[in-house]
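S.K.: sharing a model prediction with you, sequence too.
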Amino acid sequence: KAAAVVGDNAGKTWDAIRAEAMHCTRCDLYKHATRTVFGEGPLDAEILFVGEQPGDQEDLAGHPFVGPAGQVFDSALADAGIDRRRTYVTNAVKHFKFVPRGKRRIHDKPDGGEIAACRWWLQQELTLVKPAVTVALGATAARSLFGKVVTIGALRGSGHRLPDGGEAWVTVHPSFLLRVRDDREAEYERFVADLKAIAARAE
Ligand code: URA
């Protein structure tokens, strides 16, 4: 698999690509973030999850989905019978975008230009891993994967062909489950049901 990367990076290994991404200046987000948070997981993973961007804790730790959203994600994966260690987990945008407020850093949504710039790295991860199913966690990931703005509600619950021919599923972002006020339990169960359907598809 390691030889399948397209374009300038054809033939490079995951380690080499990740090392390059650590010095990425394709958009301005590197200027304020602590580090690039690259994806991680086995390169033979059948499921590849794509989040939005690292949060405050991920930026400090250097690993995706280790903060509050990561805890919801872990819990839902466990309830769906998916072993996270057998999946590849990454983000559409690999630097933390935030607005400083006092000592806190408040999450700021990546824009279309940042998503497009960082697609370069996501596409290479997809080419290396070649998962049976790629999962967009939320609208930013879906936008990156499909190359256009899409509606989660319209795509949720079944597989869709990606422009490059792979199969993608779209579901909510775990942080939505932290924010939602009504029927949080039901929304969580719906997320777990999506994960179970995805696991069955990737078997
Ligand atoms: N939210 C994301 O989309 N990705 C992370 O890695 C953490 C929080």
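M.R.: That came through fine. Residues are numbered from 1 along each chain as shown.
S.K.: going forward, measure contacts and count neighbours with C-alpha atoms only.
M.R.: Will do.
S.K.: any idea which residue is closest to the centre of this protein?
M.R.: Val50 (1.9 Å; Cα atoms, centre = their mean).
S.K.: tell me the secondary structure at that residue.
M.R.: strand (DSSP: H, G, I helix; E, B strand; the rest coil).
S.K.: do I have it right that it meets Ala139?
M.R.: No - counting by Cα atoms under 8 Å, Val50 does not reach Ala139; the two are 10.4 Å apart.
S.K.: contact residues of this structure facing the ligand?
M.R.: The chain comes close to the ligand at residues 51-55, 58, 64-65, 69, 91, as judged by Cα under 6 Å from any ligand atom.
S.K.: any low-confidence regions in the protein?
M.R.: 1-8 (pLDDT under 70).
S.K.: go again with 80.
M.R.: 1-11 (pLDDT under 80).
S.K.: helices of that one, start to end?
M.R.: Along the chain, the segments classed as helices by DSSP state H run 14-21, 56-61, 68-79, 112-129, 139-146, 152-155, 174-179, 184-202.
S.K.: and the last one with helix 68-79, angle?
M.R.: Right, the one you point to is helix 184-202. What separates the directions of helix 184-202 and helix 68-79 is an angle of 60 degrees, with axes from the mean of the first three to the mean of the last three Cα atoms, to 10 degrees.
S.K.: using CSV, write out the CA atom coordinates for helix 184-202.
M.R.: The C-alpha coordinates for helix 184-202 follow below in CSV (Å, rounded to 0.1, in the frame of the first residue of the first chain):
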residue,chain,number,x,y,z
ARG,A,184,-29.3,13.7,23.7
GLU,A,185,-29.7,10.0,24.5
ALA,A,186,-31.7,9.3,21.3
GLU,A,187,-29.1,11.2,19.2
TYR,A,188,-26.3,9.2,20.8
GLU,A,189,-28.1,6.0,20.0
ARG,A,190,-28.6,7.1,16.5
PHE,A,191,-24.8,7.8,16.2
VAL,A,192,-24.1,4.3,17.6
ALA,A,193,-26.6,2.8,15.1
ASP,A,194,-24.7,4.6,12.3
LEU,A,195,-21.4,3.1,13.6
LYS,A,196,-22.9,-0.4,13.7
ALA,A,197,-24.1,-0.1,10.1
ILE,A,198,-20.6,1.1,9.1
ALA,A,199,-18.9,-1.8,10.9
ALA,A,200,-21.2,-4.3,9.1
ARG,A,201,-20.3,-2.6,5.8
ALA,A,202,-16.6,-2.9,6.5
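S.K.: buried set for it?
M.R.: Within helix 184-202, the residues scored as buried using 16 or more other Cα atoms under 10 Å are 187-188, 190-199, 201.
S.K.: return the member of those residues nearest to the ligand.
M.R.: Each of the buried residues of helix 184-202 was scored against the ligand by Cα to the nearest ligand atom, and Phe191 proved nearest at 15.1 Å.
S.K.: check contacts around Ala197.
M.R.: Gly157 (Cα atoms under 8 Å, 6 or more residues apart in numbering).
S.K.: now Val172
M.R.: 136-139, 152, 191.
S.K.: then Asp83?
M.R.: Leu77.
S.K.: quick check on it: phi, psi?
M.R.: Main-chain torsions, Asp83, degrees, to the nearest 10: phi -90, psi 110.
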